[in-house]
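> Sequence and predicted structure are below.
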Amino acid sequence: MITDQSFQKEEAKIQEIFAQAGWMETPLPNEARIDLIEERALGERVLKESAHFIFTSFGAVLTSFTSATFGQINDSKEDYKV
C-alpha cells in the first residue's frame with residue numbers, strides 16, 4: 001500500500017515533469033464540446049443498435065418466408081396452408 005509520504009514524493013515528480021513540459025495549468029473543459037460529443041455518441045449508438053436489430057431480424061424473416069413458400073416448415077402436425 002502506498003503511504004501519504006511516498007504519494008507526495010511521486011506527485012511532486014509528476015508535477016515537475018509537467019512543469020518542464022509547460023503544462024502547469026489544467027485547461028477548463030469546453031462544456032459545449034462535451035455536450036456535442038455526448039449527443040453524437042448517443043446518435044451513433046442508436047443507429048448501430050437499430051441497424052443490428054434490422055439486419056438480424058431480416059435474416060429470420062427471410063428464412064421464415066422462404067420456408068413457408070416452399071412448404072419446408074418442420075412441424076408436420078399442423079397444416080399451415082389451411
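Cool, the structure landed.

> Now do the SS call for residue 2.
coil (DSSP: H, G, I helix; E, B strand; the rest coil).

> Can you pull the poorly scored residue ranges out of the protein?
Residues of the chain meeting the criterion pLDDT under 70: 72-82.

> all helices for it, in order.
Taking DSSP state H, the helices of the chain run over residues 4-21, 31-70.

> any chance of those in CSV, plus mean neighbour count?
Bear in mind the C-beta positions are built from the backbone N, C-alpha and C, glycine included. Listed next are those as CSV, based on neighbours: other C-beta atoms under 10 Å:
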stretch, mean neighbour count
helix 4-21, 10
helix 31-70, 10
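
> Distance of residue 8 relative to residue 49?
47 Å (C-beta to C-beta, to the nearest Å).

> tell me the centre residue of the protein?
residue 45 (6.1 Å; C-alpha atoms, centre = their mean).

> which residues does that one contact?
By C-beta atoms under 8 Å, 6 or more residues apart in numbering, no residues touch residue 45.

> Could you export stretch 13-21 as CSV, keeping only the C-alpha atoms?
Only the C-alpha atoms of stretch 13-21 are listed here, as CSV (Å, rounded to 0.1, in the frame of the first residue of the first chain):
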residue,chain,number,x,y,z
LYS,A,13,7.9,14.2,-9.5
ILE,A,14,4.9,14.2,-11.8
GLN,A,15,4.3,17.9,-11.3
GLU,A,16,7.9,18.6,-12.1
ILE,A,17,7.7,16.7,-15.4
PHE,A,18,4.5,18.7,-16.3
ALA,A,19,6.2,21.9,-15.4
GLN,A,20,9.2,21.1,-17.6
ALA,A,21,6.7,20.5,-20.5
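
> Can you give the contact residues for that stretch?
residue 24.
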